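Asker: Pasting the sequence and the predicted model now:
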Amino acid sequence: MKKTMILAATLLLAPALAQANVIPDMLEGYKAEGASNFSAEAGKKLWNKEFAQEDGSKRSCVTCHNADVTKPGKHQRTGKVIAPMAPSVPFVAADEKDEPRYSTEKKVEKWFKRNCKWTYGRECTVQEKGDFLMYLKDL
Amino acid sequence: MNKVLLFAVAMLFSGQAFAEDFFTNLFRFKGVKPMNNDLYNESCGECHYAYQAGLLPKKSWEKMMLASELEDHFGEVADLEEEDRIALRDLLVANAADTSIYKRSSKITRSLAKTPDVVELRISNVPYIKRKHKDLKDKHVKLNPKVKSIINCNKCHREIDKGIFDDDTILIPNFGYWSDIED
């Protein structure tokens, strides 16, 4: 009986979980914009690559997001705790309006734009963004 | 008969107390105007407390919300979609301190009147707010792991979402009510 219940719950939940993630749609969108052959390997490399800043310090995605993306990160300047990037980590809402990562394209693009500028001093290309999502999506 | 009378009198007074409380909150405009805007909470509150517009004057919000300023928002890149930027700027300007009838907003405006050429972007630099926080020690804020910085208003101002900053609503984590620790 218990197993049946769990199975039923999983089946009920599965469409909701699948719906919540916009990564496949975004990858399709980037392809339409001319990017191709997204590579998790390239994404991982760029994720860990350090860039020198004007003040002599170094920055990478890992600086704030953690090298282990299943763990929370911490903002370099403000110390704010940043939720894990890995989609596999169960979502914990901080307040009622909080939504899981990768729920809306607008929010993913907002943070790509801000964080690419903050780290690389420029916006990321569609190829780079696709590589990042390719790397993160199965973690 | 006596009991009925007593009950009637009690009702009369409780009604008065209720009415007093009701009108205090409705018509006295004591604190700053609360903000209940989803776009604002989502766009700005994602990184820091979504400060009420009534904490800074119009000219401050106009400058802060320029696309070029958001590129370097206190050292962070805080880009917004253009339509969101305009909507948020207009929201902030429309509810700015110098357009507000709320008591604390008026005090903020008055305290900035002495330096008309300054466009203050930091709420913590507004003279009125600075004065109000002058007795705070590092141990209460910077060195307090549950507060960390003066920018985290809501860590101590427990009724801030309602726009209330009264002394009896200030509870400093690890220290207690401000009214009890203030010498």
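Answerer: Good, I have the coordinates. Residues are numbered from 1 along each chain as shown, chains lettered A, B, ... in the order given.

Asker: For the most centrally placed residue in chain A, which residues are in contact?
Answerer: Centrality entry for chain A: nearest residue to the mean C-alpha point is A:Met85, 4.8 Å, by Cα atoms, centre = their mean. By Cβ atoms under 8 Å, 6 or more residues apart in numbering or on different chains, the contact list for A:Met85 reads A:65-66, A:69, A:73, A:101, A:136, A:139. C-beta coordinates here come from the backbone N, C-alpha and C atoms, glycine included.

Asker: Which of those fall in strands?
Answerer: Those of the contacts of A:Met85 mapping onto strands are A:Gly73, per DSSP state E.

Asker: Tabulate the contacts of A:Met85 (CSV), appending neighbour count, pLDDT and distance to chain B.
Answerer: Shown next, in CSV, are the contacts of A:Met85 (neighbours: other Cβ atoms under 10 Å in any protein chain shown; pLDDT from 0 to 100; distance: Cβ to the nearest Cβ, whole Å):
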residue, neighbour count, pLDDT, distance to chain B
A:His65, 21, 94, 15
A:Asn66, 17, 90, 18
A:Val69, 21, 92, 19
A:Gly73, 20, 92, 14
A:Arg101, 19, 91, 12
A:Leu136, 22, 94, 19
A:Leu139, 15, 88, 23
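
Asker: Between the contacts of A:Met85, which sits nearest B:Ile181?
Answerer: Distance to B:Ile181 across those (Cβ to Cβ) is lowest for A:Gly73, with 34.3 Å.

Asker: residues in contact with that closest one?
Answerer: Residues in contact with A:Gly73, defined by Cβ under 8 Å, 6+ apart, are A:64-66, A:81-82, A:84-85.

Asker: Export those as CSV, with columns for distance to B:Pro116.
Answerer: Below are these laid out as CSV (distance: Cβ to Cβ, whole Å):
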residue, distance to B:Pro116
A:Cys64, 39
A:His65, 44
A:Asn66, 47
A:Val81, 40
A:Ile82, 40
A:Pro84, 48
A:Met85, 47
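
Asker: Taking those together, which two end up most distant?
Answerer: Spatial extent of the contacts of A:Gly73 (Cβ to Cβ) is set by the pair A:Val81 and A:Met85 at 12.9 Å.

Asker: what does the host helix or strand of A:Asp131 contact?
Answerer: Assessed by DSSP states H and E, A:Asp131 sits inside helix A:126-137. By Cβ under 8 Å, 6+ apart, the list of residues contacting helix A:126-137 from outside reads A:21, A:23, A:26-27, A:30-31, A:33-36, A:38-44, A:46-47, A:69, A:85-87, A:112, A:116, A:124.

Asker: Go again with 7 Å.
Answerer: A:23, A:26-27, A:30, A:33-35, A:38-40, A:42-44, A:46-47, A:69, A:85-87, A:112 (Cβ atoms under 7 Å, 6 or more residues apart in numbering or on different chains).

Asker: Phi and psi next, for the residue nearest to the centre of chain A.
Answerer: Recorded main-chain torsions at A:Met85 are phi -80, psi -20, according to degrees, to the nearest 10.

Asker: That one and chain B, how far apart?
Answerer: Distance of A:Met85 to chain B, computed by Cβ to the nearest Cβ, to the nearest Å: 15 Å.
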